[in-house]
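[1] pasting a predicted model and its sequence here:
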Amino acid sequence: MIPAIEALRRLQQGNRRFVEGVRDRSLPASQSQRHELVDGQTPFAIVLGCSDSRVPAELIFDQGLGDLFVIRVAGNVVAPSQVGSIEFAAERFGTRLVVVLGHSQCGAVEATLEQLEKPQESRSPNLSSIVNRIRPAVETLLETSGHCDHTGLLEHAVRANVRASAQHLRYGSPVLEQLIQENQLLVVGAEYSLETGVVDFFDGVPAAALR
């Protein structure tokens, strides 16, 4: 299996191609390559991302069929089903890298800020379950943001939410925690910019990956 640092570099290189508009034509996408994957998969990275239609992980990282194990949920929140999915991929396929991928102008994070600033009793229980998972990561920002405008507050909240989800994965699952302690898994946090297309890996990135 591909080491975590190499997997991270592959994602960085793929995102660079995406930003430049140059796709890697050798990536699996043809009918024959699709048939080769019928008997199994070996994804080199797990991505927990937001369901936002503008943030498809395979495209923004310029990867092909079978390359990424992607879990998408509004606000890239961590709930038992997401943790279980990541545990499954890490154990079953030996995938060494997990990326928690947030994005600029995240609607779920913005909805959480709105709820904290002006609570809405009419919000559905299902949507509230997402908001309530984001809430602990961002509610202190309202107390410490000072004169920060709404745009600046949202930018800080998106990153705070990514960090919180990444920490939950690092310390909220005995399975993942053991893999991390054995240097068999790396969890990093990143933010995708809707404006530029660039993915910034900003949380938990080893120094070796920055060289």
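    Cool, the structure landed.

[2] check the secondary structure at residue 23 for me.
    Put simply, residue 23 is coil when judged by DSSP: H, G, I helix; E, B strand; the rest coil.

[3] what residues sit buried inside the helix or strand where residue 116 lies?
    Assessed by DSSP states H and E, residue 116 sits inside helix 107-117. Residues 108-113, 115-116 are the ones in helix 107-117 that count as buried (16 or more other CB atoms under 10 Å). No exception for glycine: its C-beta is placed from N, CA and C like everyone else's.

[4] which other helices and strands contact that helix?
    helix 125-144, helix 150-171 (3 or more CB pairs under 8 Å, 6 or more residues apart in numbering; DSSP states H and E).

[5] which helix or strand in the protein has the lowest average pLDDT?
    Sorted by mean pLDDT, DSSP states H and E, the helices and strands of the chain end with helix 31-36, the least confident at a mean of 74.

[6] ok, residues contacting the next helix or strand after that one?
    Heading C-terminal from helix 31-36, the first helix or strand you meet, by DSSP H and E, is strand 45-49. Applying CB atoms under 8 Å, 6 or more residues apart in numbering, the external contacts of strand 45-49 come out as 7-8, 10-11, 55, 57, 61, 67-73, 76, 78, 82, 86, 89-90, 95, 97-103, 165, 169.

[7] near the residue lying closest to residue 43 once chain neighbours are set aside, how many other residues are there?
    Ranked by CB to CB, 6 or more residues apart in numbering and with sequence neighbours excluded, the top spatial neighbour of residue 43 is residue 69, at 4.0 Å. Neighbour count of residue 69, defined by other CB atoms under 10 Å: 23.
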